[in-house]
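**Student:** My questions are about this predicted structure, shown below with the sequence.
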Amino acid sequence: MISLNDQFRSKDQIINKALQKELQIENYEWQSSISEYEYVFWNSDNQGFKKIKYEVQLTKEKEIKYIQHGQILRIEQIINSIQKPEILTNLQQIKYLQWSGKYGKHSLKIGRWSATWKNKIILESGGYYSEDGQKQGLWKDLNRQYWSEAQIYEIGLYSDNTRRGKWKYIYKNNEIGGGFYDEKGQKIGKWIELSECFWKQGYVLYYGEYKNGKRYGIWNALHKRNGYKQLKLIGLGSYDISQVDNLTVDSFQVGKWIELNNGFWDLAQVIHIGTYKEGKKCGRWDILQRIRNNTPFEIMGGGTYNDTLEGQVISSSLKNGKWIELNEGFWRDNQITYNGEYHNGVKVGKWDIYYYNEDTENNELIGGGSYIEKINDSNIASSVKIGNWIELIDNFESQIQVTFKGEYENGKKVGRWDTFYKQEQIGGGQYQKVENDNLSDSIKVGKWRELIDGFYEYGQITYFGEYAIGKKVGIWQQMFGNNIMEEDDYLN
């Protein structure tokens, strides 16, 4: 027997399909789902760009939920579920961007819609929707990288929700990029595009050609330094295209490349030099850096990629042998490298962590530990940490030289872990291993002294209290040295 809910759901689907046909909207059926996204954002704690992952849930209640580390950042109620929703891929836009306008027949957007940022209208933003919910005419869109430190707009014409003709990228009232779309809404001809880590302290533009919506031929990377008007060539490489029945299917990188490191900016000028073979890195790749403009790049790391495994061509390249890698968010005050070995793309054996101290001009060994390779039931290799480790705080830099020392057992922290600032112990506590549904984990238990968010050399504030089964309980004291600043009460 069909339930009442199923009957309503079936009726909704029939109505939605009829509307899609009437309005000539691309078929889309709302389905509950969970997807993981990755975004590069500016980490103000250690003055570098960092990748973060977050979750996007489409719920049966027609909501979009954005979640990071278990915290709900935004809940968006979808009025019209017959059109594919637009997913935000920028942390600040998730927090601060809203669009306002009105809905018409069939809950479709109509008329003028404008963007607001932190509840303030962005002047002249947005554009018009037709009576059938399609973007039409001149629009001022917010660029995907738009945030408080890079207010970039894209201006051009829509026809039936499709971009056509010339589109401009505008920053500080100047045209800095853009190009042309064909009748199908595909990029064609010469384009200037923005880097993922665009911001006011220096940015990178990419210049090259599109063919049937795919990058083709030589593409150049141009660096705009803060305080300078001129662009400087900093990287380049070539794309080729694959075709089926004279139709362009995809494009891929080929030959020698000079690539920019994620988070490239004035004080984090790092490049990677090596070779691509049909879109896959192969052979030796070197990592080079310079801390100051107009000085030569120097090799500081790198290693080797294999594009075959036991004689078989593989879908992606694998790191093998000795490697020197950079930490995420590498810049002048955060020059950390990891030295160790890969086996078929998996870290194995001992890995050392080095920090280049600008004051002493020495590359200092400050941490590290060992990995062991594991093969799962699907015969897929991975690695886990084992034995004694010294790890770095995420935002480690010259004034936040914090390390954690303790033991790993099969990838989980166990026993006593201590926290150090430089060589002085300033905190720590105990981890306990737990088994749950054949899965093992570790949780904090007993007395702990932790660091507050924003801890640094001249603000060494700690938090002292007790954990029970991984949760804070009782009175927790916020302390500066031995002085209690304030107390918080956590319910048992």
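**Tutor:** Structure's in. What do you need?

**Student:** low-scoring stretches of the stretch 251-400 of the chain, by residue?
**Tutor:** Within the stretch 251-400 of the chain, the stretches with pLDDT under 70 are 309-314, 378.

**Student:** which stretches of the chain form helices?
**Tutor:** Assigned by DSSP state H, the chain shows helices spanning 4-23, 91-96.

**Student:** Mean pLDDT lowest where, among these?
**Tutor:** In terms of mean pLDDT, the lowest-scoring of those is helix 4-23 (a mean of 43).

**Student:** Poorly predicted segments of the stretch 1-150 of the chain, please.
**Tutor:** Ranges of the stretch 1-150 of the chain meeting pLDDT under 70: 1-27, 43-48.

**Student:** and with 80 instead?
**Tutor:** For the stretch 1-150 of the chain, applying pLDDT under 80 flags the ranges 1-28, 40-51, 69-70, 81-82.

**Student:** Can you show me the strands along the stretch 51-200 of the chain?
**Tutor:** 63-68, 71-77, 97-103, 109-117, 120-121, 126-129, 135-142, 152-159, 162-171, 174-181, 187-194 (DSSP state E, counting those that start in this stretch).

**Student:** contacting residues around Ile443?
**Tutor:** The neighbourhood of Ile443, defined by Cβ atoms under 8 Å, 6 or more residues apart in numbering, consists of 431-432, 434, 467, 469-470. To be clear about C-beta, it is placed using only N, CA and C from the backbone, and glycine gets the same treatment.

**Student:** circling back: reformat the strands of the stretch 51-200 of the chain as JSON lines; add mean neighbour count.
**Tutor:** Below are those laid out as JSON lines (neighbours: other Cβ atoms under 10 Å):
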{"stretch": "strand 63-68", "mean neighbour count": "16"}
{"stretch": "strand 71-77", "mean neighbour count": "13"}
{"stretch": "strand 97-103", "mean neighbour count": "13"}
{"stretch": "strand 109-117", "mean neighbour count": "17"}
{"stretch": "strand 120-121", "mean neighbour count": "11"}
{"stretch": "strand 126-129", "mean neighbour count": "20"}
{"stretch": "strand 135-142", "mean neighbour count": "17"}
{"stretch": "strand 152-159", "mean neighbour count": "19"}
{"stretch": "strand 162-171", "mean neighbour count": "17"}
{"stretch": "strand 174-181", "mean neighbour count": "17"}
{"stretch": "strand 187-194", "mean neighbour count": "17"}
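
**Student:** quick check, nearest of the contacts of Ile443 to Gly137?
**Tutor:** Checking the contacts of Ile443 against Gly137 with Cβ to Cβ, the nearest one is Gly470 at 55.3 Å.

**Student:** so what's Lys187 bridging to?
**Tutor:** Tyr181 (DSSP bridges).

**Student:** was I right about it contacting Tyr181?
**Tutor:** Yes: the criterion here is Cβ atoms under 8 Å, and Lys187 meets it with Tyr181 at 6.1 Å.

**Student:** Lys214 contacts Ser242, correct?
**Tutor:** No: if you go by Cβ under 8 Å, Lys214 and Ser242 don't touch, sitting 9.1 Å apart.

**Student:** Which one's more surrounded, the two?
**Tutor:** Legend: neighbour count by other Cβ atoms under 10 Å for Lys214 and Ser242, higher for Lys214 (19 against 13).

**Student:** residues contacting the nearest residue to that one once chain neighbours are set aside?
**Tutor:** Residue nearest to Lys214 in three dimensions, not counting chain neighbours: Ser251, with 3.9 Å by Cβ to Cβ, 6 or more residues apart in numbering. Residues near Ser251 by Cβ under 8 Å, 6+ apart: 211, 214-216, 239-242.

**Student:** mind putting those residues in JSON lines, pLDDT included?
**Tutor:** Below are the contacts of Ser251 laid out as JSON lines (pLDDT from 0 to 100):
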{"residue": "Lys211", "pLDDT": "94"}
{"residue": "Lys214", "pLDDT": "95"}
{"residue": "Arg215", "pLDDT": "96"}
{"residue": "Tyr216", "pLDDT": "96"}
{"residue": "Tyr239", "pLDDT": "97"}
{"residue": "Asp240", "pLDDT": "95"}
{"residue": "Ile241", "pLDDT": "90"}
{"residue": "Ser242", "pLDDT": "86"}
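
**Student:** Could you single out the nearest of those residues to Leu91?
**Tutor:** Leu91 lies nearest to Arg215 out of those, by Cβ to Cβ, at 26.4 Å.

**Student:** Count the residues that sit near that closest one.
**Tutor:** When neighbours are defined as other Cβ under 10 Å, Arg215 has 21 of them.

**Student:** Is it possible to get JSON lines of the contacts of Ser251 that adds distance to Val414?
**Tutor:** Shown next, in JSON lines, are the contacts of Ser251 (distance: Cβ to Cβ, whole Å):
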{"residue": "Lys211", "distance to Val414": "55"}
{"residue": "Lys214", "distance to Val414": "50"}
{"residue": "Arg215", "distance to Val414": "48"}
{"residue": "Tyr216", "distance to Val414": "53"}
{"residue": "Tyr239", "distance to Val414": "48"}
{"residue": "Asp240", "distance to Val414": "50"}
{"residue": "Ile241", "distance to Val414": "52"}
{"residue": "Ser242", "distance to Val414": "49"}
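
**Student:** Can you flag which of the residues you listed belong to strands?
**Tutor:** Judged by DSSP state E, strands contain the following of the contacts of Ser251: 211, 214-216, 239-242.

**Student:** Tell me where the stretch 301-450 of the chain has strands.
**Tutor:** Using DSSP E, counting those that start in this stretch, strands in the stretch 301-450 of the chain cover 312-326, 336-343, 346-357, 362-375, 381-392, 402-409, 412-421, 424-436, 439-451.

**Student:** Nearest to Ala150, out of the contacts of Ser251: which one, please.
**Tutor:** Lowest distance from Ala150 to those (Cβ to Cβ) belongs to Arg215, with 22.7 Å.

**Student:** from what I can see that closest one touches Gly208, true?
**Tutor:** Yes: Arg215 lies in contact with Gly208 (Cβ under 8 Å); the separation is 6.1 Å.

**Student:** shared neighbours of those two, which are they?
**Tutor:** Common contacts of Arg215 and Gly208 (Cβ under 8 Å, 6+ apart): Tyr239.

**Student:** so how many other residues sit close to the nearest residue to Ile110 once chain neighbours are set aside?
**Tutor:** Spatial nearest neighbour of Ile110, chain neighbours left out: Gly104 (3.8 Å); criterion: Cβ to Cβ, 6+ apart. Residues lying near Gly104 (other Cβ under 10 Å) number 14.
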